[in-house]
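>>> turn this into a model:
(chains A and B)
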Amino acid sequence: MVLLQRPHILLLLIDTHQFLQCWIAFGSANEEGQQQEEFSEELLVKPLPDHKLLAHFHFQSSAPPSTSNGCHHHLFPKAISQLVQKFRVKEMELSFTQGRWNYESWGGFDPISSSNAKPPGVELWAVFDVPQHHIDASWKNLTHTLSGLFCASINFLESTATYSTPEWSFPPASGNVRYGTFPCEAVCTENLTPWLRLLPCRDKAGIALLLDRPSLYRGFYHSQRLHLTSTESSSEGIDSGIILEQTLTVVLQPNSERAIEVHASEKHVQPSWSLSSIFGKQVSGRCVLAKSSSVYLLLDWGLVAELKFPNKENGKSAANGLTSENFWSNPSFELSVNPDRIFLEESSSHSKSLSILYMFQVEKYSESEPFDIGLMWKVPVAWLCQQTPLHASRFFMGSGNERGAIAISLKSTQFTEGFMSANSKDGSCELRVDVFQVVPWYVKVYFHSLRVFVDQQPRAVSDFIEKIHVSPSKDKMSPGVMEVVLKLPCRVNTAALTIEFDKGFLRIDEYPPDANQGFDIPSAIISFPNFHASMVFLEDDSLNRSPLLSKFQEKCPVMSYTEVLLVPLTTPDFSMPYNVSTIKCTVFALYFGSLLNVLQRRVAEEERFLKAKAAKKTGRLPLLLSKLSAKLRGSGINQD
Amino acid sequence: MAETKEKSLSDEKPKPRVRPIVRLGIFLISHSFHVSVVCCTAGVLALFLLPVLAKNTYISENALMPGSASPMLSNQHVSDGNRLVKDLTNPNSKSSETGIESHKIIAQYMLDLGAEVSFHKFHPQMNQFHPLHFFSSPDSGKIQENYSCSSYGINTVGIIRAPHGDGKEAIVLVTPYNALKSGFGEALSLGIAYSVFSLLTQVTWLAKDIIWLVADSQYGEYAAVAAWLREYQTPKFSSLSTPNAEMCPDVNNLFELKGHSISGSKFSNSFRRAGTMASALVLKVRDQNEQFEDTISIYAEASNGQMPNLDLINVVNYLAVHRQGLRVNVEKLWSLLNSSWLKSLGEIFESLAKVAKSLYPKWKFGIPATEYVEGTATLASSLYYQALGVPTGPHGAFRDYQVDAITLEISPKFSLDKVWRNDILLRGGRLIEGVIRSVNNLLEKFHQSFFLYLLTSPSKFVSVGVYMIAFAFLIAPLPMVAASLYVDANSSSNCSKGDSSTPSAITDTDEHSIAIRSWRWLNSAKLVFIVHLWGAIVSLLPYFISQIPDCSPTTSFMIWVLLSILSLLTLNSVLASPLACAKATQEKEWALVKSVTISSVFIGLGLMSVINFATAEIGALLMVPMCLLAQPLKLDVRAGTLRSFCRMICNLVLGHIAFPPAALFLLKGMLDGFGNANVGDFWMWVESLWAWNSATYLFIVEVTYIFSHG
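Numbering: from 1, shown residues only, chains lettered A, B, ... in the order given. Next up, the predicted model:
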């Protein structure tokens, strides 16, 4: 049955495609001057130093302001636009992440890592365009809506104890930000499917066709992100509508047949790959609704420096001429498909080398001739990605169920050593580090115990902390937030912040289902506002510039997330309620038993009884007589 | 109870109806002698019955699912491990005198697998005695000033990050390794760990990070692991002008690993961490073995009798027995195995069980006599090590940080051919893989199964609910005897007073005297307190004595004895000469003193049983008879009857045995023969005990003061 039905569906699809194409052509012709809904799909592939491959899917849809276009949408997901309108979201970012971004080997200084490396679990922040006292209500509604939209437990972020209000350290600095993370959310395909549903072609056509679930979730890092900005209701003059940016970043291992032992010399050759070998699928043409559809291959500047392209001067001039042989048939690697265009990075802070971007247009390919790029390495290459100025890691100190300390340690990386030596000739150079840390209320942090160690020396806090903002936690009400601006000397080797805490107690109904696992402390955000990760590529025409490349050009500060920590708290014996109730019942029984006993007993009755007993010993007859008389008298009284 | 007794004494004429519970109490107190005899025998008997009452272990946590997945460790990994063993046993690698070469080899192997590698340098830290730090959490340790470049150890640490995991938890695998004089066993244990490690870099099911710690055991296995854990849990960020190991020349060349392409990013000389430790396994391979089977020994006792969760032992036992066909044993007291009295006791129990079974077929509690003897030997060693409070291996360091850990010691039947070696690598590796996989499955930390238990065999245990019964029986007579003694002391003085004065003159002066009498016990309490104080001083003395440089154990022991006597004399003179005062009234008041002593012993034992059951149990075995039998020698001598003579002998013997130096002397004499026992040994023993912050130490001198009452 299924086999029989398939051709019909295909036909139908093709029909609709053709129809849509015509319709779009018509539409664009019709409304020349006005903005309209746009969608673009892009994929960026980048080899990583540790034999892995980064694939970064970038889908962007934009809707013009509803004032000019009404409430109807052709491409833009209606759910999102309704959400934006209802809760007046100015900017929002939601990310689902599984695995950890390896800052040391995958880098942390480029635009991809600084905006797409996210903490494990769910992270959500939003900026609202509503009066202050409505923000919390809007946030609550937003979390519930998103939770329904993405099949995730984002609604747990609704309670005030889970989200926080960063004052100024969080990048979109504004008072209307709400920030919440939920580190223990397990991210899986059930979250991906609703995310794909927001795309006009879903995963049925275009680049999204590559999103094969098994190969995606086999990866080392998986982060799906949804970022939207809306100028819908802003008072500023520019009104560009809603821009929805959906990105999916995965790190994959190209060939998994590592078990086959290769020779020691070949062991360090980067594995060759192709899109079909990684994803098990090929791109058969673009999503017809997309304005642009392209695949990029990015060679990091570190890698380019290692590859030693024959003569750089030639190459630079040839970048305009599109096809210069020596760019893709290098002695060290080979591309299976000729790139349509080559971009060179315009300029960078590091003068050593420039990154190269190969661009492939997907439009040229079709069902019969699917698109599949491959990269074959010939000689072993090793390079390093550019790291964040300081590598941050966070860990717990101490042991036991009573107290402990959180330590954030910052260590200089190779990058800083080079960069700083060039930059700090006058010796007055300073490195600004922002730390943003949210701590749940049951970890009771003592902010006065904050200590700073610089280069293994305990230093006065005021020497290095320029600005600090602290909002202490309230039990069961709000988490503790700490925002610190550190000014470190550029030549710093190591720096550490420690802060002590006591572990709190929870009520028995406040424990989550697997309480003995421990409790998560969300990642701290370490950002370096003086450093901006941006990549500017030479582009000739600014009209149809790619959204991905323009995203790269934006100056975003370098950011990194620390590890999520697991704090073991004291857990009660959960069979305790039963024990308690049995003990309570026993105590009650004893109490009431003795109380009744006391109430019933008559005072001096016992003595009388004893006396009677003593009298009994004198003889039986008098006793009987006295008893009889007593009875008679008693009955006489009764009769009266 | 004393109150009720008084009440019953006060109004004798009209006898009120006494409530049953009070009547029972009075009955027990008045028959305290018989009751205490019965209770003590019952306590000892219950202790010997424990192996019979032991239950079979079971895996309590369902998430562990041991053995549900087939092992993935293949011959490929085994040959990897074999390669490492060969490289390490290669004479070339031992050329360097500091053994740095072999650490480099291990690090290189780890790097080749794609693990993160770091070296951890540490200075061996002697266990310092902090008199009042018994139960406080481990601190970051004192910084010693006189570190030299020649005395440091290097731990090699490899970490695999779980590909899908969030890095919140980690499992630790420890292999002690002495690069200077490593036996073949140590190399083999590294080979097993490496084969497992190489498998774990490839698997996709990993949810927790794996840390492989190659602990440099040239300064002791425990010291290396403890140093690493200290750095992991309580790092010092400030290194105040201490000569760092980085300044030493040969440490620096440690970091110059042979040019490796990816080593740049994976190798670092800073300390690396993974998340909260879920559990730890220490793996050792014994060098020689004369057994007929491949066996695996489990060591679990950590400091102060703390045990890891029983589930961890269960998993190891299940996988070793049912999957890898290894024989599992736990530590036994071997001398007990051949004792004939134990065997006959076992036979008695067996025959009793048979009789019981013939009476009612559902009563099946008997175990064969041989099994009983083995169970008792295991139980005895379990009790002994828990009581001693000294960890039985490097796993003890983990327990101080609330991490469940055990040491596995594989002792293969020894032969040198390659097939055998591969076999032991495969089976050992699969066992470790299985355990790691089980722990990896765990969502919560170990909490389901028991923490308080005694093992009678690898698959049988006695839980806290059962063994407490024996202890309760043992200490039950103490309050009764104390009460009866108190009552006796009061009534006897009352009687004497009653004789002297006419009964009609019971007026308010008598009320007053009753009030005084009821506070008389304070006097004896003062005496007991002073002796306790003396005990505390004696127990703190060794700390100061150990500060004296260049002292042989014998001389320090002598100093200890002298100082103890001196302190007793000082206390005697300073605090209103309590003993002299006691001597004057001893004949009247000894009963009261004894009663106070017994009640304080009861409280002490009760508290101790909460802290460390095994110590309390052994202490109770020694102290309860002593407390009950104690009587002034003078009275016994004066009485001159056979019974009192026997009691006197018992007193003297018990008093001497329970005095710790004497007890050790006897024990040593029994084990090694009396010839080579030495007073200095006791010093050494005590020294080793306090070094481990053992609670037993607190106990030992406690015993001494009771002796003084004898």
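
>>> give me the element the residue lying closest to B:Pro458 once chain neighbours are set aside is part of.
Distances taken as Cβ to Cβ, 6 or more residues apart in numbering or on different chains put B:Val328 closest to B:Pro458, at 4.3 Å, once the chain neighbours are dropped. For the C-beta atoms, the positions are set from N, CA and C on the backbone; glycine is no exception. B:Val328 belongs to strand B:327-330 when elements are defined using DSSP states H and E.

>>> next, the buried residues of that strand.
B:Val328, B:Asn329, B:Val330 (16 or more other Cβ atoms under 10 Å in any protein chain shown).

>>> next SSE after that strand?
Next along from strand B:327-330, by DSSP H and E: helix B:334-337.

>>> which elements pack onto that next one?
helix B:369-388 (3 or more Cβ pairs under 8 Å, 6 or more residues apart in numbering or on different chains; DSSP states H and E).

>>> what ranges does the stretch 51-200 of chain B have for its helices?
Counting by DSSP state H, counting those that start in this stretch, the stretch 51-200 of chain B has helices at residues B:75-89, B:100-112, B:184-200.

>>> flag the shaky bits of the stretch 401-550 of chain B, pLDDT-wise.
The model of the stretch 401-550 of chain B has pLDDT under 70 over residues B:414-417, B:492-518, B:539, B:542, B:546, B:549-550.

>>> near the spatially closest residue to A:Cys188 that is not a sequence neighbour, how many other residues are there?
Leaving aside its chain neighbours, A:Cys188 sits nearest to A:Tyr217 (7.0 Å; criterion: Cβ to Cβ, 6+ apart). As a burial measure, A:Tyr217 scores 17 neighbours (other Cβ atoms under 10 Å in any protein chain shown).

>>> again with B:Ile469
Count around B:Ile469 with other Cβ under 10 Å applied: 16.

>>> show me the contacts for it.
B:Ala46 (Cβ atoms under 8 Å, 6 or more residues apart in numbering or on different chains).

>>> what about it, which helix or strand?
If you go by DSSP H and E, B:Ile469 is part of helix B:464-475.

>>> what angle do helix B:369-388 and that helix make with each other?
Relative orientation of helix B:464-475 with respect to helix B:369-388: 80 degrees, computed using axes from the mean of the first three to the mean of the last three Cα atoms, to 10 degrees.

>>> and which of the buried residues of strand B:327-330 is nearest A:Ser147?
B:Val328 (49.4 Å; Cβ to Cβ).

>>> would you check that the closest one makes contact with B:Asp294?
No: contact criterion Cβ atoms under 8 Å: B:Val328 and B:Asp294 do not qualify, at 10.4 Å.

>>> gap between B:Leu540 and B:Leu533?
11 Å (Cβ to Cβ, to the nearest Å).

>>> export stretch B:55-67 as PDB, just CAs?
The C-alpha atoms that make up stretch B:55-67 are tabulated as PDB, following Å, rounded to 0.1, in the frame of the first residue of the first chain:
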ATOM      1  CA  LYS B  55      21.200 -13.400  54.700                       C
ATOM      2  CA  ASN B  56      22.100 -13.800  51.000                       C
ATOM      3  CA  THR B  57      23.000 -10.600  49.300                       C
ATOM      4  CA  TYR B  58      20.800  -9.300  46.600                       C
ATOM      5  CA  ILE B  59      21.100  -6.400  44.300                       C
ATOM      6  CA  SER B  60      18.800  -3.800  45.700                       C
ATOM      7  CA  GLU B  61      19.100  -1.000  43.100                       C
ATOM      8  CA  ASN B  62      17.300  -2.000  40.000                       C
ATOM      9  CA  ALA B  63      19.100   0.500  37.800                       C
ATOM     10  CA  LEU B  64      22.400  -1.400  38.200                       C
ATOM     11  CA  MET B  65      21.400  -4.200  36.000                       C
ATOM     12  CA  PRO B  66      24.700  -6.000  36.200                       C
ATOM     13  CA  GLY B  67      25.600  -8.400  33.400                       C
END
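
>>> close to chain A, is that stretch?
No: contact between stretch B:55-67 and chain A is absent, the nearest approach being 9.6 Å (criterion: Cβ under 8 Å from any Cβ of the partner chain).

>>> hmm, who's touching that stretch?
B:310-311, B:313-315, B:317-319, B:322-323, B:434-435, B:438-439, B:441-444, B:446-449, B:458-463.

>>> please apply the same query to stretch B:39-50.
Residues contacting stretch B:39-50 (Cβ under 8 Å, 6+ apart): B:345, B:349, B:376, B:379, B:454, B:456, B:462, B:466-467, B:469-477, B:617, B:620-621, B:624-625, B:628.

>>> rerun that using 6 Å as the cut-off
B:Leu379, B:Val462, B:Tyr467, B:Ile469, B:Ala470, B:Phe473, B:Leu474, B:Ala476, B:Pro477 (Cβ atoms under 6 Å, 6 or more residues apart in numbering or on different chains).

>>> out of those, which are buried?
B:Leu379, B:Val462, B:Tyr467, B:Ile469, B:Ala470, B:Phe473, B:Leu474, B:Ala476, B:Pro477.

>>> show me the contacts for the first one.
Read that as B:Leu379. Residues in contact with B:Leu379 (Cβ under 6 Å, 6+ apart) are B:Leu50, B:Pro51, B:Leu454, B:Thr456.
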